[in-house]
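[1] from the sequence below, what's the structure:
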Amino acid sequence: MPSEQLHAPDGVRTQRRAQRNPPRLRVLTWHLHGNYLYYLSQAPHDFYLVTKPGSPPGYAGRVGSLPWGDNVYEIAHDAVRTGRFDCVLFQSRQHWENDREALLSAEQRRLPAIYLEHDPPQQHPSDSRHWVQERNVLLVHVTPFNALMWDSGSTPAIVIEHGVVLPTFARYTGELERGIVVVNHLKRRGRRLGADIFIAARERLPLDLVGMDAQALGGLGEIGNLDLARFMAPYRFFFNPIRWTSLGLAVVEAMTIGMPIVGLATTELAAVIDRGVNGYVDTDLDRLVETMHTLLRDPALARRWGEAAQRTARERFHIARFVRDWNQALMQVTSA
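    Numbers count the residues shown, from 1 in each chain. I've put the predicted structure just below:
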C-alpha cells in the first residue's frame, strides 16, 4: 500500500520536512538559569546572550563550568540594537518590561517573541494574571502545574517540560547513610523554599545541604554544575523540602542517576513522584522523616525506588523530546 506521505499535499510534506530539519535560528536571550540554558542550547540554533560589564545577574553570558557549545554567543547590551536576530526569548519580568524598550530597536521589538516562565505565581497561587498579555507572544511554562496556576489571560500558552542530558560519568551507589538537599540561598529564601522544613528534618536524621551559600545553614557549600551528579551519587536519597517552586532541575538530575526522591507533595513534584514506586511525597513531615529513616535502614528499597526514578526521568525528561518541543515552539512563532 502506498504510504500516506506519497499522497500528502505539498504544504503538508513541507511542514513535515521543517519539523525534521528546522531552520537554524538566531535567538536573542539572557542567562537566567544556567543549567536550563545549557539544556536549551542543545537545540540546533544559535543563542546570543545579553551581557553587561561585571556579569551581574541576568547578564552573565558564557560563564561557569558548563561546557557551552559553539552555538552560544555573547552580545554586549549596547550592541543588541544593531544585531540581527530571528526571535527574542524573554525569561524575566525585568527583561520583558525594561530591556525590551531600553535595548531593542523598534524593528527588533516586532520580532517573533517567546516568554519562558520558569516559576509558578509568587503573589497569589491561583489569581495571578501574567504580566505578558499579548496575543502575538508565546508564553512557555516549564511544568503543567505552573500553567495550571498562572492566569495566562489573552496570551497563548504551552508547556515544555524539562529535558536533561543523561550523565555518563555518575551512577547512584547510595552507600552513604545520609540524605542530600540541593537548594541555592536556602536561608535567605526562607519558608517558600523550605528552610524551616530542612532544619526540622535535619534535627531528626542526617542531611547535608549543598548549594550557593549553603554554609549559612551549616551546609557544605556550592558544588559545580558538572560535579553535582557525581557528588550526589553516594547519598542514600535526595530530599526536596521546597513548598512552592517549579520542578527543580536538581531533582530531575538526581533521578537520572538512579537516586530515590523524597519531598513535599506540592507543585509538579506530586505528579512526578509515584509514592512508594520511584520515591515518596507527602505533606506530613513526620511521615516524610519516617520514610527517610526507612531508606537509611533499607538500601535495597532505596535502590529499587532509584531505578524506577531513573526510568521516569529517561521517559519523561529525555533531551531529545525537550529539543523537539522547543523546535516546534520556535517554528510556531517564527512561521507566524
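[2] how long is stretch 68-78 end to end?
    End-to-end distance for stretch 68-78, by Cα to Cα, to the nearest Å: 23 Å.
[3] give me the residues contacting that stretch.
    For stretch 68-78, contacts defined as Cβ atoms under 8 Å, 6 or more residues apart in numbering pick out 28, 38, 41-42, 44-52, 59, 61-62, 83, 99, 103. Every C-beta, even on glycine, is put in place using the N, C-alpha and C of the backbone.
[4] now it, how far from the centre of its chain.
    Put simply, stretch 68-78 sits 20 Å off its chain's centre (Cα atoms, centre = their mean, to the nearest Å).
[5] likewise stretch 85-96?
    Its chain's C-alpha centre and that of stretch 85-96 lie 17 Å apart, by Cα atoms, centre = their mean.
[6] check contacts around residue 281.
    Neighbours of residue 281 in contact, by Cβ under 8 Å, 6+ apart: 261, 262, 263, 264, 265, 269, 270, 273, 275.
[7] averaged pLDDT, the helix or strand where it lies. What do you get?
    Assessed by DSSP states H and E, residue 281 sits inside strand 279-282. Mean pLDDT, strand 279-282: 98.
[8] care to break this structure down by domain?
    4-163+319-335, 176-316 (automatic domain parsing).
[9] which residues of the stretch 51-200 of the chain fall in helices?
    93-94, 100-102, 144-149, 186-189, 195-202 (DSSP state H, counting those that start in this stretch).
[10] what's in contact with the longest one?
    Outside helix 195-202, the residues that touch it by Cβ under 8 Å, 6+ apart are 181, 183, 186-187, 189-190, 207, 209, 217, 239, 241, 243, 264, 285, 288-289, 292.
[11] how does it look with 7 Å?
    181, 186, 187, 189, 207, 209, 217, 239, 241, 285, 289 (Cβ atoms under 7 Å, 6 or more residues apart in numbering).
[12] and of these, the nearest to residue 127?
    residue 189 (23.0 Å; Cβ to Cβ).
[13] ok, now which ones touch the residue lying closest to residue 149 once chain neighbours are set aside?
    Among residues not flanking residue 149 along the chain, residue 120 sits closest, at 5.0 Å (Cβ to Cβ, 6 or more residues apart in numbering). If a contact means Cβ under 7 Å, 6+ apart, then residue 120 has 145, 146, 149, 244, 246, 267 as its contacts.
[14] rerun at 10 Å
    Residues in contact with residue 120 (Cβ atoms under 10 Å, 6 or more residues apart in numbering) are 128, 141-143, 145-150, 244-246, 266-268.
[15] tell me the confidence at it?
    97.
[16] state the distance from it to residue 257.
    To residue 257, residue 120 is 26 Å away according to Cβ to Cβ, to the nearest Å.
[17] my read is that residue 321 contacts residue 43, right?
    No: using Cβ atoms under 10 Å, residue 321 is not in contact with residue 43; the gap is 11.8 Å.
[18] would you mind listing the buried residues in stretch 202-222?
    202, 205, 207, 208, 209, 210, 211, 213, 214, 217, 219, 222 (16 or more other Cβ atoms under 10 Å).
[19] could you list which of those belong to strands?
    Taking DSSP state E, the ones among the buried residues of stretch 202-222 that sit in strands are 207, 208, 209, 210.
[20] shouldn't the last one be in contact with residue 218?
    No: applying Cβ under 10 Å, one finds residue 210 not in contact with residue 218, separated by 11.6 Å.
[21] next, count neighbours for residue 225.
    16 (other Cβ atoms under 10 Å).
[22] do the same with residue 150
    Residues lying near residue 150 (other Cβ under 10 Å) number 21.
[23] please apply the same query to residue 67.
    When neighbours are counted by other Cβ under 10 Å, residue 67 comes out with 10.
[24] from residue 41, how far out is it?
    For residue 67, the distance to residue 41 - Cβ to Cβ - is 10 Å.
[25] and if you look at residue 21?
    As defined by Cβ to Cβ, residue 21 lies at a distance of 18 Å from residue 41.
[26] higher neighbour count, the two?
    residue 41 (23 against 10).
[27] does the more buried one touch residue 66 like I think?
    Yes: Residue 41 lies in contact with residue 66 (Cβ under 10 Å); the separation is 9.0 Å.
[28] buried residues in stretch 228-235, which are they?
    Those would be 228, 229, 231, 232, 233, 235, for stretch 228-235 by 16+ other Cβ under 10 Å.
[29] okay, the residues you listed in a markdown table with pLDDT, secondary structure and distance to residue 156 next?
    Shown next, in a markdown table, are the buried residues of stretch 228-235 (pLDDT from 0 to 100; DSSP: H, G, I helix; E, B strand; the rest coil; distance: Cβ to Cβ, whole Å):
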| residue | pLDDT | secondary structure | distance to residue 156 |
| --- | --- | --- | --- |
| 228 | 95 | helix | 35 |
| 229 | 95 | helix | 36 |
| 231 | 97 | helix | 40 |
| 232 | 98 | helix | 38 |
| 233 | 98 | coil | 41 |
| 235 | 98 | strand | 42 |
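[30] which residues touch the closest residue to residue 224 other than its chain neighbours?
    Nearest non-adjacent residue to residue 224, counting by Cβ to Cβ, 6+ apart: residue 65, 4.7 Å away. By Cβ under 10 Å, 6+ apart, the contact set of residue 65 is 34, 224, 225, 226, 227.
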